[in-house]
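S.K.: here is my input, please return the structure:
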Amino acid sequence: MEDRITIIEGPPPVFEHIDDGWPLGLNEAPSYYGMALTRLRTFNGPALVERCHRAWNQNEPIYLHYRNEMGLESKVPILAIRASEVEEGQVLYLWVRNTAADPTLD
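M.R.: Here you go, the predicted model:
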């Protein structure tokens, strides 16, 4: 199974810090991790949502894989996903876990 959603082209994703609301309920872990939201344009939003649901149904993690501001490959765990249709096309909303490995998520 594919364990990631990969950004193939374009700039690195912009991560918005989350400190309230239902996404914090996803943060059930022995230690606290920050949460972030990013929005990505896509051509196959429902298929990517389904890929995440299949992984989670098998208790497997799934990651957002991208190049950071320095051009290095990075990945962060995806905790929730939603696809939406907007005037310009499809948009994915990804709620991810901030990890110490990627300080760009602060």
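
S.K.: for the residue of the chain most remote from its centre, give its distance to Ile8.
M.R.: Relative to the mean C-alpha coordinate of the chain, counting by CA atoms, centre = their mean, the farthest residue is Glu87 (22.0 Å). As judged by CB to CB, to the nearest Å, Glu87 and Ile8 stand 23 Å apart. All C-beta spots, glycine's among them, are computed from the backbone N, C-alpha and C.

S.K.: all helices of the protein, in order?
M.R.: Assignment of helices within the chain using DSSP state H yields the ranges 45-57.

S.K.: any low-confidence regions in this protein?
M.R.: Scanning the chain for pLDDT under 70 picks out 1, 22-32, 99-106.

S.K.: all strands for it, in order.
M.R.: Using DSSP state E, the strands of the chain run over residues 4-6, 16-18, 35-42, 63-67, 73-86, 89-97.

S.K.: thinking in terms of the whole chain, how far from its middle is the longest one?
M.R.: Put plainly, it is strand 73-86. 3 Å (CA atoms, centre = their mean, to the nearest Å).

S.K.: same check on the second one?
M.R.: Using CA atoms, centre = their mean, the mean C-alpha position of strand 16-18 is found 12 Å from that of the whole chain.

S.K.: helices or strands up against that strand?
M.R.: strand 35-42 (3 or more CB pairs under 8 Å, 6 or more residues apart in numbering; DSSP states H and E).

S.K.: any buried residues in the strand it packs on, and which?
M.R.: Residues of strand 35-42 classed as buried: 35-38, 40, 42 (neighbour count, 16 or more other CB atoms under 10 Å).

S.K.: orientation of it relative to strand 73-86 in degrees?
M.R.: Between the axes of strand 35-42 and strand 73-86, defined by axes from the mean of the first three to the mean of the last three CA atoms, to 10 degrees, the angle is 70 degrees.
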